[in-house]
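> Quick one, fold the following:
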Amino acid sequence: MRVVILGSGRGSNAEALLRAEREGRLGRAHVVAVFSDRPEARILELARSFGKRAEFLDPGPFKSKFSPEREAAWVEAIRAEQPDLVVLAGFMRVIKETMLNAFAGRIINLHPSLLPSFPGLDGIGQAWRRGVKITGCTVHVVTAEVDGGPILDQAAVRIETSDTLDALAQKIHAAEHALLPAVVARLSIEGLNSETGHAR
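Numbering: from 1, shown residues only. Prediction:
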């Protein structure tokens, strides 16, 4: 399974995938490239340190989405890597029809809450402010509905009375770093039914 990672930030979840691959824990999956919409993003330096192709791609003038022309250019760059799976790992742009259609059912995302609860931005903070006792993280198939695609797997994290928001974030990130490689490894062996979110 050829995997392309898209990310915008420090790349901790990409690192979890790359370390899992290096340690033989990513099944038949192999990361072939990492692309970022920010030229200074640490994820690019990280990917290069693992010997991966890592490139900044211009996203266009908008802050949280692509211009139509730039989304088409991203599709072309990603398609050149012939990916079986595209993983959004801290990618902070909304994906529209051009990319969704190009890689239909093959784009997955990691979200820091137990969807369908707390979709959108700041899932950790949303759960913290709501006062729930259990939150976590979710890997799901990306569809036109933001954070609304079929759920592939989840990991629960209990919020203790002694937790601070920072402590909770650290716990959720640790859960993410275990969950995402496990899901990719499973998909590399079993395949993906994007309509149900279950392995084939």
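> State the phi and psi torsions of the residue nearest to Pro68 when sequence neighbours are not counted.
Using CB to CB, 6 or more residues apart in numbering and skipping the chain neighbours, the partner closest in space to Pro68 is Thr98 (6.8 Å). (Glycine included, C-beta is placed from N, CA and C.) Note on Thr98: backbone dihedrals following degrees, to the nearest 10 are phi -60, psi -50.
> Wait, Thr98 touches Ala73, no?
No: contact criterion CB atoms under 8 Å: Thr98 and Ala73 do not qualify, at 10.0 Å.
> bridging residues for Ala156?
Beta bridges link Ala156 to Gly136, judged by DSSP bridges.
> wait, it sits on Ala127?
No: if you go by CB under 8 Å, Ala156 and Ala127 don't touch, sitting 11.4 Å apart.
> still on that earlier bit, quick one, what contacts the residue nearest to Pro68?
With contact set as CB atoms under 8 Å, 6 or more residues apart in numbering, Thr98 has these partners: 66, 68, 71-72, 75.
> Show only the entries of these found in helices.
68, 71-72, 75 (DSSP state H).
> Which helix runs longest in the protein?
The chain, longest helix under DSSP H: helix 165-190.
> Check which helices and strands it is in contact with.
helix 12-22, strand 85-88, strand 107-111, helix 123-130, strand 134-141, strand 151-158 (3 or more CB pairs under 8 Å, 6 or more residues apart in numbering; DSSP states H and E).
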